[in-house]
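Novice: got a predicted structure plus its sequence, pasted below:
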Amino acid sequence: MTVQIRPPILTQEDCSFRMNLREKLEVEPYLDKRTAFCVGENAVHCELYESGPDAPTILFLPGIGTYCELYSELLCKLSQEGFNVVGIDPLGHGYSGGGRGHYTVEQMCDSISSVLDVLQQRFKGPFGIYGYSIGALLAVAAAEQDKRLSAVLCGTLLVPDLAPDLSYRMGWNWTWASSLLLPGFKVPLKSFVDFEQLLKGHPAAKEINQDPLMVFDYPLKTLSSVFNYRCEIVNNRYDFAAAILHGDKDEVLPVSYSKRVMSYCEQPMELLVMERQGHMAPFLKPDLVVKLAAQWFEQKFTKEMAAALI
């Protein structure tokens, strides 16, 4: 089946808020290097930072509420390490089509596979995926479904089978039960995530917290799909390599949780600890994240390509 590619729908190019946000983020030089396009009937927005047709390709999935333009410094610098990097706005997020905040894990897996169909026509591979925060769970789910993804890097990984504590489990059970009756009811993200506080000290913290392209209200159906997804890596081993990248000062999930995840899951995983770093390291310390991510992907892709020659 041919996947339709469309021009991007960049709705805010002449907006003063957008220009101010980009100025605070200091991302204009990086955005000049991106190639934006949409994939499929749902108009999944993608941003490509190209290294070359023979270079490995890394897909990037952003954290909850956000979209890939906000990570352009990280994506561009990762590409400069010798990778094609493709940021993907989840359905209903950023510039992607769909109702605001509306998606299921299964829909995202289908969308990622469609993006891979397009990329395979241009790049020879191999392909990996880097998911940050809630994007990590989506990255794992995509790799479980699509064998083309041979390396999965998780910027923290929340495994719904293993709740961090009882309050998480009770909240997830509530979203599941409530979504059966009121799937479209929206829960305010700011009631449990304060971006301005998490990004304290970042020059664009206030603007990100007011960004109209952010998703600040999530339908119960979306939250239920994410927080009640059953990861197959809990009971099965897959061929893809996997690692968790986690700051030891993470304000959302402690490193001890990642260690529990690694012991709980059948899938082998490595733990890459960022010293003195919190949850928002991709925004606050992009150079460090790029260094660690590039080293890990290069190691895994080199090993994979060497094995293919034997």
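Specialist: In hand now; what should we look at? All values derive from a computational prediction rather than experimental measurement.
Novice: tell me the spacing between the residue lying closest to W172 once chain neighbours are set aside and D110.
Specialist: Distances taken as Cβ to Cβ, 6 or more residues apart in numbering put F227 closest to W172, at 4.3 Å, once the chain neighbours are dropped. In this view, the C-beta of every residue, glycine as well, is placed from N, C-alpha and C. Distance of F227 to D110, computed by Cβ to Cβ, to the nearest Å: 20 Å.
Novice: what of R22?
Specialist: 31 Å.
Novice: for L25, same thing?
Specialist: 31 Å.
Novice: between these two, who's got more neighbours?
Specialist: Ranked by neighbour count (other Cβ atoms under 10 Å), L25 and D110 place L25 first, with 21 against 18.
Novice: quick one, what contacts that one?
Specialist: If you count contacts by Cβ atoms under 8 Å, 6 or more residues apart in numbering, L25 has them with 70, 72-73, 203-204.
Novice: what's the distance between the residue nearest to W172 and L180?
Specialist: 14 Å.
Novice: in terms of neighbours, single out the busier of these two.
Specialist: Taking other Cβ under 10 Å, F227 and L180 do not tie; F227 has more neighbours (21 against 10).
Novice: was I right about the more buried one contacting M170?
Specialist: No. F227 is not in contact with M170 according to Cβ atoms under 8 Å; the separation is 11.4 Å.
Novice: around R6, count how many other residues there are.
Specialist: Neighbours of R6 (other Cβ under 10 Å): 14.
Novice: nearest residue to it in space, please, no chain neighbours.
Specialist: That would be C38: by Cβ to Cβ, 6+ apart, it lies 4.1 Å from R6.
Novice: who's in contact with that neighbour?
Specialist: 5-9, 44-46, 96-97.
Novice: could you say which helix or strand holds the nearest residue to M269 once chain neighbours are set aside?
Specialist: Leaving aside its chain neighbours, M269 sits nearest to A242 (4.5 Å; criterion: Cβ to Cβ, 6+ apart). A242 belongs to strand 241-247 when assigned by DSSP states H and E.
Novice: which neighbouring elements make contact with that strand?
Specialist: helix 134-145, strand 149-155, helix 255-264, strand 270-274, helix 286-309 (3 or more Cβ pairs under 8 Å, 6 or more residues apart in numbering; DSSP states H and E).
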